[in-house]
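A.B. asks: With the sequence up front, the predicted model follows.
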Amino acid sequence: MPSGSAADTQREHLATAMQYGDVAHAAAGVWGRRAVDMFLVLTQFGFCVGYFIFLGNTMHDLTPISTEASIAILFGVTLPCTFITDLRRLSLASTAANVSLLIGFVAVLVHVFQQFPPSGSTQLTAWSTTPIFFGIATSSYEGIGTILPIQASMVPTLCFVVQTFSPTHKRDLHTHKYMYLDVIAHTHTH
């Protein structure tokens, strides 16, 4: 049933195409939207720069290509992807990425179990690695800015798939996976 009020139109927009800026606008007005959008751009830009540096260094270590050339290649491959506005078009790439993560996780577990026997003593904390912990903890939530847009772009008729594989469930699954991997690695290497 169509409604003509501005509040109903805003509610319908938030339910079908919600962005973090929309939530901030509803809660704090125009300045709330601007602040949230600015911080999302800054954090996502920072994560992208970090990924480019990490992947450029990794490509340099694995190939004779310089780090700068590796970053330029990555930029050339990544730039066209930024013009994709419908997140549903990335579903195949996202599925392939999740399968790759699962394969990598299993490969690391197999390597840990084969190469490192369980040790008798386990050190639960190492203050020297605390900065690394905070870096990993921070970067593990780098995709948080995409959760609302992804959920809003999902097809409502696929309720089972949405409930089973929503970004929140995937985040929880990845968190538990890495916690398990960390416990296994600590009990086998210290």
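C.D. replies: Sure, I can see it.

A.B. asks: okay, A107: pLDDT?
C.D. replies: pLDDT recorded at A107 is 89.

A.B. asks: do T58 as well
C.D. replies: The pLDDT attached to T58 in the predicted structure is 89.

A.B. asks: what's the neighbour count on it?
C.D. replies: Residues near T58, counting by other CB atoms under 10 Å, number 12. Yep, even glycine has a C-beta here, placed from its N, CA and C like the rest.

A.B. asks: Repeat that for H25.
C.D. replies: Residues within reach of H25, counting by other CB under 10 Å, total 19.

A.B. asks: ok, it touching R33?
C.D. replies: Yes: H25 sits in contact with R33 when judged by CB atoms under 8 Å, with a separation of 4.0 Å.

A.B. asks: Return the longest helix in the chain, judged by number of residues.
C.D. replies: The helix spanning the most residues in the chain, taking DSSP state H as the definition, is helix 20-62.

A.B. asks: so after that helix, what's the next helix or strand?
C.D. replies: helix 67-78 (DSSP states H and E).

A.B. asks: Does anything pack onto the next helix or strand after that next one? Which helices or strands?
C.D. replies: Toward the C-terminal end, the helix or strand that comes next after helix 67-78 (DSSP H and E) is helix 91-115. Contact analysis of helix 91-115 by 3 or more CB pairs under 8 Å, 6 or more residues apart in numbering; DSSP states H and E lists helix 167-189 as its packing neighbours.

A.B. asks: where does T16 land on pLDDT?
C.D. replies: According to the prediction, T16 has pLDDT 60.

A.B. asks: for Y51, that is, sorry about that
C.D. replies: At Y51, the pLDDT value in this model is 84.

A.B. asks: Tally up the residues packed near it, please.
C.D. replies: Y51 is surrounded by 14 other residues when neighbours are defined as other CB under 10 Å.

A.B. asks: same question, T129
C.D. replies: Counted with other CB under 10 Å, the burial measure for T129 works out to 10 neighbours.
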